[in-house]
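S.K.: Below: sequence and its predicted model.
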Protein chains: 2
Amino acid sequence: MTTTTISPIAPANARALPVLNDCCTPTSAMSDGDASLLAGMFKALADPARVKILSMLLNADEVCACDFSASIGKTAATTSHHLKLLRDVGLITGDRRGTWIYYRVIPERLAAIRDALALGQ
Amino acid sequence: MTTTTISPIAPANARALPVLNDCCTPTSAMSDGDASLLAGMFKALADPARVKILSMLLNADEVCACDFSASIGKTAATTSHHLKLLRDVGLITGDRRGTWIYYRVIPERLAAIRDALALGQ
DNA sequence: AATTTGTTTTGACAATCGTCGAATCAATGT
DNA sequence: ACATTGATTCGACGATTGTCAAAACAAATT
């Protein structure tokens, strides 16, 4: 059986995330590039439909793409759009096996977001 | 010297956050309300200007409101707008002492967001 | 090859969001 | 009282975003 990964393993977006603490002084903020990168990651999480998708993925090994639409109450087109946004920031990956595509969360990426929010020191 | 808190201590938004894992089955997503609440928190983080503000606050005890505008490169009006959004989700709090307002991060709130992103189990 | 089913892309639309100038409010000092 | 400086609110604008119907694409089956 052939299986084809939907998102490449190492997209440009897969580079390490900056962290909020230890980045700057009280009067000089994080750089523009780092702030945009981090904000982009949060943007990917900033929609109820995508939060629901992640909630399903975090409670299963993998989820068939065919199951998202009904669970989040959106059309297939809208669901596909949200899945793409999550793939583009490296948070999930899809794996086509025959007719269906199975999605998984990329735990390292989620952990990186958590680390970015670590309290100061 | 009088000090007045800009955001109330316990706004409606200060209620506990849902977590992504342990919320649902693989085929039934997180509830609408919980998903919107969580997405709202991430929305608050989903802008470079607000990320910069948080980066400053996480590297200092407190920051004078008067310092944000220059550091993030936005007008006072825009800066005030972003500060309000962060206050409204309970991530920061402002304290007026005489002429100036000093902002601090609310660490419990930041920790709650981190916890919401914990990996499944 | 033609059909069927699952998924993505395209195009269009309404709604939301970030931004700023101008006006307003708040506290202080003259 | 008045002027000054810091901060917020208001009103307007362009840009981005979420949504769906329709068209296009992909894999499997007849």
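M.R.: Cool, the structure landed. Numbers count the residues shown, from 1 in each chain, chains lettered A, B, ... in the order given.
S.K.: what about the strands in chain A?
M.R.: A:3-5, A:63-64, A:92-97, A:100-105 (DSSP state E).
S.K.: can you redo those as CSV with mean pLDDT?
M.R.: As requested, these are exported to CSV (pLDDT from 0 to 100):
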stretch, mean pLDDT
strand A:3-5, 86
strand A:63-64, 97
strand A:92-97, 96
strand A:100-105, 97
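S.K.: closest one to DNA strand C among these?
M.R.: Nearest of these to DNA strand C, taken as C-beta to the nearest atom of the strand: strand A:100-105 at 4.3 Å. Heads up, the C-betas are built off the backbone N, CA and C, glycines and all.
S.K.: where in chain A is pLDDT low?
M.R.: A:1, A:8-15, A:121 (pLDDT under 70).
S.K.: change it to 50
M.R.: Scanning chain A for pLDDT under 50 picks out A:12.
S.K.: Count residues in the vicinity of the closest residue to residue A:34 other than its chain neighbours, would you?
M.R.: Excluding its sequence neighbours, the residue lying closest to residue A:34 (C-beta to C-beta, 6 or more residues apart in numbering or on different chains) is residue A:18, at 3.9 Å. The burial count assigned to residue A:18 is 19, neighbours taken as other C-beta atoms under 10 Å in any protein chain shown.
S.K.: Next, residue A:18: phi, psi?
M.R.: The phi and psi values for residue A:18, taken as degrees, to the nearest 10, are phi -70, psi 160.
S.K.: Next one: it from residue B:89, what distance?
M.R.: In this view, residue A:18 and residue B:89 are 21 Å apart by C-beta to C-beta, to the nearest Å.
S.K.: coming back round to it: please list all residues in contact with the residue nearest to residue A:34.
M.R.: Listed by C-beta atoms under 8 Å, 6 or more residues apart in numbering or on different chains, the contact set of residue A:18 reads A:30, A:34, A:37, A:38, A:116.
S.K.: Ok, residue A:28 next?
M.R.: By C-beta under 8 Å, 6+ apart, the neighbours of residue A:28 are B:56, B:71.
S.K.: Show me what it is bridged to.
M.R.: residue A:25 (DSSP bridges).
S.K.: any idea how far the residue of chain A positioned farthest from its centre lies from residue A:95?
M.R.: Using C-alpha atoms, centre = their mean, the residue of chain A lying farthest from its centre is residue A:27. It sits 31.1 Å away. Here residue A:27 is placed at a distance of 47 Å from residue A:95 (C-beta to C-beta).
S.K.: Also residue A:26?
M.R.: Distance from residue A:26 to residue A:95, by C-beta to C-beta: 45 Å.
S.K.: do residue A:101 as well
M.R.: 7 Å.
S.K.: So which of these two has more stuff around it?
M.R.: Ranked by neighbour count (other C-beta under 10 Å), residue A:101 and residue A:95 place residue A:101 first, with 19 against 16.
S.K.: Who are the contact partners of the more buried one?
M.R.: Going by C-beta under 8 Å, 6+ apart, residue A:101 touches A:6, A:64, A:65, A:94, A:95.
S.K.: ok, now with 7 Å
M.R.: Residues in contact with residue A:101 (C-beta atoms under 7 Å, 6 or more residues apart in numbering or on different chains) are A:6, A:65, A:94, A:95.
S.K.: Residue A:105 now?
M.R.: A:54, A:57, A:58, A:91, A:92.
S.K.: please redo it, this time with the cut-off set to 6 Å
M.R.: Neighbouring residues of residue A:105 by C-beta atoms under 6 Å, 6 or more residues apart in numbering or on different chains: A:57, A:92.
S.K.: now the residue sitting nearest the centre point of chain A: how far from residue B:79?
M.R.: The structure's chain A has its C-alpha centroid closest to residue A:91; by C-alpha atoms, centre = their mean the separation is 2.4 Å. Using C-beta to C-beta, residue A:91 is found at 30 Å from residue B:79.
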